[in-house]
Structures are given as structure tokens and as C-alpha cells.
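> generate a structure from the sequence data that follows.
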Amino acid sequence: MGNVAIGAGRWRRPEVEERLTQPQRLLRQLSDVDSGRLRRLIRSGNLAPCFDAAEDADGLGEEDCPICFYFYPSLNRSKCCGKGICTATYAVEYRGSRTKREKKLDQEEEQNASESKKKIQSKSQIADELVQP
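Model prediction:
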């Protein structure tokens, strides 16, 4: 969604469909969500619209949200690191530093994911070699 020029040096934001001002794919509605404020932030261009999520990218430049793992036409950006995140309604809480056990479990998960990815790439490479003349 780009900006549209109107007059000398003035920009007007494209209209956002009403359905895109409300979170999609929620398991339950949260009572503490200020839907009016959410709508205003989206319409003002300060928050990405609540785009329909796709389970797979269709090659048109979608980005995947690291929280919900769905693909969207565009994402919000964190001011600190620039990472993308969809416009979903969720809550966060501070629980202090992670324990050594939690860190170890995360490290093991990352290692397993890395090994699985390598296996998939290897199988894909072998399949490509078999298919090519």
C-alpha cells in the first residue's frame, strides 16, 4: 500500500477496507482490546492493516510473521531491530531472565531445526539431481 500524491507536497493514504481494521484469525476475542484505537492507528497508517493471512507464500513478496507463521502482503516493523510482525491481537508479559534450562531447551530446539533443515535441503538437492537430464 503506497502513498498517493495529492496537490503540492501533500500525501493521502489509500483507503483501508473496514474488514482490514479488525484482527483476523483470533481464537477468542480479547476484552482489553480498544478496537476504536486499533482502527484509527490502521487508518492513519501507523499500523499495518489486518491483512488476510496465507498459510503459504504465493511468490508475490509476502512476508512471514515470526509469531503466527502466516504470510502477509506487509508487516509492521519493530523500531529497535526492524523485524516484522503482523497486526494481531496478543499480549506480552515480562517474566525476567530465562533460566539455564530454558536457554538449553531453546538451543536444542534450534539445533534440531537446523539439522532438519539441512536434511530437507540435502534430499531436495538429490531429487533435483535425479530429475535433471
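> and the gap between Q111 and G59?
30 Å (C-beta to C-beta, to the nearest Å). The way it works is simple: take the backbone N, C-alpha and C, and place the C-beta from them, glycine included.
> the two - which one has more neighbours?
Higher neighbour count among Q111 and G59: Q111, with 10 against 6, using other C-beta atoms under 10 Å.
> per-residue pLDDT of the more buried one, please?
Q111 carries a pLDDT value of 92.
> for the one 4 residues further on, same thing?
Predicted confidence (pLDDT) for E115: 90.
> break this protein down into its domains, please.
In terms of domains, the chain is parsed into 1-92, 95-133 (source: automatic domain parsing).
> deepest in the core, which of those domains is it.
Among the domains of the chain, domain 1-92 has the highest mean neighbour count (mean count of other C-beta atoms under 10 Å), at a mean of 13.
> what average pLDDT does that domain get?
Averaging pLDDT along domain 1-92 yields 77.
> closest to the centroid, which residue in the chain?
With distances taken as C-alpha atoms, centre = their mean, the residue of the chain nearest its centroid is C65 (2.2 Å).
> residues contacting the closest residue to it other than its chain neighbours?
What sits nearest to C65 in space, not counting adjacent residues and going by C-beta to C-beta, 6 or more residues apart in numbering, is C86, at 4.0 Å. Going by C-beta atoms under 8 Å, 6 or more residues apart in numbering, C86 touches A48, C50, F51, A53, C65, I67, C68, Y70, Y72, L75, N76.
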